[in-house]
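S.K.: what shape does this take:
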Amino acid sequence: MESNASPTKCHPEACAIQNCLQRSQYNERRCTAAIDSLYECCRKMYEQDPSARAIACPKPDLLKLKLEQRAKEKIDAELHKTNYR
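M.R.: Here you go, the predicted structure:
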């Protein structure tokens, strides 16, 4: 493991996702807040130290892509809600 890798950074957030998935019979839509929390923890970690790594976090490039996708999904969901009036 690299010296800048942390096996426990953002671990509580990752565990919260697993707990949520188990409680919701693996319905990911019910766990979006927990997923967002993990990604936010990872984003902050990379902001503080771009070379940091954590077992629970996607690598920086993948995290950036995931955050962009999740932001777009929220916008799309809001647009769909307004179209059903």
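
S.K.: continuing past the helix or strand of the chain with the lowest mean pLDDT, what's the next helix or strand?
M.R.: Scoring the helices and strands of the chain by mean pLDDT, DSSP states H and E places strand 5-6 at the bottom, with a mean of 64. Elements were assigned by DSSP states H and E; along the chain past strand 5-6, the next helix or strand is helix 11-23.

S.K.: and the contacts of whichever helix or strand comes after that following helix?
M.R.: Per DSSP H and E, the first helix or strand lying C-terminal to helix 11-23 is helix 32-48. With contacts defined as C-beta atoms under 8 Å, 6 or more residues apart in numbering, helix 32-48 is touched by 6, 9-10, 13-14, 16-17, 19-20, 28, 52, 54, 56-58, 60, 63, 66-67, 70. Placement of C-beta: from N, CA and C, glycine included.

S.K.: what bits of this protein have low per-residue confidence?
M.R.: Within the chain, the ranges that satisfy pLDDT under 70 run 1-7, 74-85.

S.K.: returning to what we had before: out of the contacts of helix 32-48, which end up buried?
M.R.: 6, 9-10, 13-14, 16-17, 20, 52, 54, 56-58, 60, 63, 66-67 (16 or more other C-beta atoms under 10 Å).

S.K.: any idea how far the residue nearest the centre of the chain is from Arg70?
M.R.: Most central in the chain under C-alpha atoms, centre = their mean is Tyr39, positioned 2.9 Å from the mean C-alpha point. Taking C-beta to C-beta, to the nearest Å as the measure, Tyr39 and Arg70 are separated by 7 Å.

S.K.: would you mark the buried spots in stretch 30-49?
M.R.: 31, 34-35, 37-39, 41-43, 45-46.

S.K.: any chance of the residues you listed in CSV, plus distance to Ser24?
M.R.: As requested, those are exported to CSV (distance: C-beta to C-beta, whole Å):
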residue, distance to Ser24
Cys31, 6
Ala34, 10
Ile35, 12
Ser37, 15
Leu38, 16
Tyr39, 18
Cys41, 21
Cys42, 22
Arg43, 24
Met45, 26
Tyr46, 28
